[in-house]
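>>> please find the sequence and the predicted model below.
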Amino acid sequence: MPEAQIALIDGAAALAEKIRARTARVGVIGLGYVGLPLAVEFANAGFSVTGIDVSEAKTEKVNAGVSYVGDVPDAELSRLRSSGRLRAVTDFSVIAELDTINICVPTPLRKTKDPDMSYIVSACQEIAKYCHPGMLIILESTTYPGTTDELVLPMLAEAGLEVGKDFFLCFSPERVDPGNPKYQTRNIPKVVGGVTEACTEIGRIFYAQALETVVPVSSTQVAEMVKLLENTFRLINIGLVNEIALMCDRMRINVWEVIDAAATKPFGFVPFYPGPGLGGHCIPIDPFYLSWKSKQAGIEARFIELAGYINGQMPHFVVDKVQNALNDVGKPVKGSRIHVMGVAYKRDIDDMRESPALDVMLLLQNRGGVMSYSDPHVPVLRLDGLHLDSQPESAAAGADCVVIITDHSAFDYAALLERASLIVDSRNAMKGRSSGKIVRL
Ligand SMILES: NC(=O)c1ccc[n+]([C@@H]2O[C@H](COP(=O)([O-])OP(=O)(O)OC[C@H]3O[C@@H](n4cnc5c(N)ncnc54)[C@H](O)[C@@H]3O)[C@@H](O)[C@H]2O)c1
């Protein structure tokens, strides 16, 4: 990456100099799965970092060196606290002392599937109060194309500062993959696009201090769209493979074997795998930010709607599999003890957001199933009418049916096969094991 792509002058040059010298005071708003690892990377790179969150519980934990994000070890947090390079606060007035701000607040959907921009708006209202000349502000929350220019910029410009001259505004999509040991904040290439060329250049210089690869793009809209393309690509391919799984089930073909064999093609095929439904804060949600915006531009996002529909059917498909499997052994769902293995939305993490396990468990409970679960990452489940505590894996022995929803690597699958009388496996976790007890997706 060339060191400087455009010549910076005046306030831009001064800010770039502070960033390069690591004397810029870095702020991160929203200390969740995205913001905390980012704050840690910049503190590790030698910056003085202030995390700002509305949750006192979170700021207290950060200040006590106690991590609540799987990818950030307690030891790392404690070390950065002791060195004085990281602190967390709930008081937004510290923004007056900061030179850079990364906004990493939630962007959920409303019940109507419209974007909920209230967290971004509230963070920007606080920034606008304390914004001062010479600041770099970067929105990282996933959002619809146009947010940075149409929503964030007018709010910040109200303070009377000129973008590209007095302050610098960028969008940079966050691509973190919680629980991925190979790719973490530091080595995932970072795309950044600014409102002006100077904004992009300062954004590029900023990330280059702490992250391995920075990919500048020509505008905030391009940067916003990059993230939505990536997540829509996943949503649609998962929808496609789920539909293939439904077809294979009808035709009595093992879909897992089909995918593994197709994946031997060295070009032109990327394997995706079926499952009990989509989970997490990104894939089930972000594409609907795009479809909402594209509707305003007069284009119906038909692939997105279709994939959303097919993926939404998967929990029902798993529930039908459980019902049929129990029927085959002469037991109705009503009154049967059904034990779920894994409730987090994906393997080896503790995040329950949008987890399909909740849908599957509630649907089975509504049909009269008596539910229990084991998940080493989720000790208690207190959601939507489910009030359960995680049981030891041995609890599978007493169940009429075990349903594997999340294939955590900590589970002892050989022991599970011994213990369980019937297993519905929605993740191919029992791959390579053959038994009449196993019903695959
Ligand atoms: N989690 C992921 O894997 C992931 C990956 C890529 C992108 N994203 C995107 O990044 C953004 C953040 O996601 P996350 O998973 O870190 O969310 P999160 O819920 O884990 O963290 C968000 C944090 O923001 C805080 N917060 C809420 N409103 C605030 C406000 N007004 N001011 C200050 N703090 C506030 C919350 O207390 C919370 O600690 C979202 O837009 C999400 O779509 C998430």
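Perfect, thanks for sending it.

>>> isn't Phe272 up against Ile244?
No - taking contacts as C-beta atoms under 8 Å, Phe272 lies outside contact range of Ile244: 9.4 Å. Backbone N, C-alpha and C define where each C-beta goes, glycine included.

>>> need the residues touching each of those two.
The overlap between the contact sets of Phe272 and Ile244 (C-beta atoms under 8 Å, 6 or more residues apart in numbering) is empty.

>>> and Ile238, how many neighbours?
A count of nearby residues for Ile238, using other C-beta atoms under 10 Å, gives 22.

>>> state the mean pLDDT of the host helix or strand of it.
Per DSSP states H and E, Ile238 falls inside helix 220-251. Averaged across helix 220-251, pLDDT comes to 97.

>>> in PDB, list the C-alpha atoms belonging to the following helix or strand past it.
Stepping forward along the backbone from helix 220-251, the first helix or strand reached (DSSP H and E) is helix 255-262. Taking only C-alpha atoms (Å, rounded to 0.1, in the frame of the first residue of the first chain), the coordinates of helix 255-262 have been written out as PDB:
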ATOM      1  CA  VAL A 255     -26.800 -33.700   1.000                       C
ATOM      2  CA  TRP A 256     -23.500 -33.700   3.000                       C
ATOM      3  CA  GLU A 257     -21.900 -36.200   0.800                       C
ATOM      4  CA  VAL A 258     -23.100 -34.200  -2.300                       C
ATOM      5  CA  ILE A 259     -21.400 -31.000  -0.900                       C
ATOM      6  CA  ASP A 260     -18.200 -32.700   0.100                       C
ATOM      7  CA  ALA A 261     -17.900 -34.300  -3.400                       C
ATOM      8  CA  ALA A 262     -18.800 -31.000  -5.100                       C
END
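
>>> burial of the residue lying closest to Thr147 once chain neighbours are set aside, as a residue count?
Nearest non-adjacent residue to Thr147, counting by C-beta to C-beta, 6 or more residues apart in numbering: Glu224, 6.3 Å away. Neighbours of Glu224 under the rule other C-beta under 10 Å: 27.

>>> is it correct that Arg337 is in contact with Tyr373?
No - the pair Arg337 / Tyr373 is not scored as a contact, 11.6 Å apart, by C-beta under 8 Å.

>>> neighbour count: those two, which is higher?
Using other C-beta under 10 Å, the more surrounded residue of Arg337 and Tyr373 is Tyr373, with 24 against 16.

>>> so who does the one residue in the stretch 301-441 of the chain that gets nearest to the ligand touch?
Shortest the stretch 301-441 of the chain-to-the ligand distance, computed as C-beta to the nearest ligand atom: residue-wise this is Asp351, at 7.1 Å. Going by C-beta under 8 Å, 6+ apart, Asp351 touches Tyr33, Pro178, Gly279, Gly280, His281, Ala344, Tyr345.

>>> now it: phi and psi?
phi -80, psi 120 (degrees, to the nearest 10).

>>> so which residues of the stretch 201-350 of the chain form helices?
Secondary structure of the stretch 201-350 of the chain (DSSP state H, counting those that start in this stretch): helices located at 220-251, 255-262, 286-296, 302-328.

>>> give me the contacts around the third one.
Among residues not part of helix 286-296, those counted as contacts by C-beta under 8 Å, 6+ apart are 107, 109, 113-115, 142-146, 225, 227-228, 231-232, 235, 300-301, 304-305, 307-308.

>>> wait, doesn't Met352 sit right on Gly342?
No - the criterion here is C-beta under 8 Å, and Met352 misses it with Gly342 at 11.0 Å.

>>> more crowded one of those two?
Gly342 (28 against 18).

>>> ok, the residue lying closest to that one once chain neighbours are set aside to Asp389 distance?
Nearest non-adjacent residue to Gly342, counting by C-beta to C-beta, 6+ apart: Thr406, 2.6 Å away. Separation of Thr406 from Asp389 (C-beta to C-beta, to the nearest Å): 17 Å.

>>> could you do Ile29 as well?
The value you get for Ile29 to Asp389, if C-beta to C-beta is used, is 34 Å.

>>> spell out which parts of the stretch 201-350 of the chain neighbour the ligand.
His281, Cys282 (C-beta under 6 Å from any ligand atom).

>>> apply 5 Å and report the result again.
Taking C-beta under 5 Å from any ligand atom as the contact definition, the stretch 201-350 of the chain meets the ligand at His281.

>>> Val28: which element?
Of the helices and strands defined by DSSP H and E, Val28 is found in strand 25-29.

>>> cross-check the contact I'm expecting between Leu235 and Tyr309.
No - judged on C-beta under 8 Å, Leu235 makes no contact with Tyr309 at a distance of 11.2 Å.

>>> ok, those two, which is more surrounded?
Higher neighbour count among Leu235 and Tyr309: Leu235, with 26 against 11, using other C-beta under 10 Å.

>>> where does Leu8 fall, phi/psi-wise?
phi -100, psi 140.
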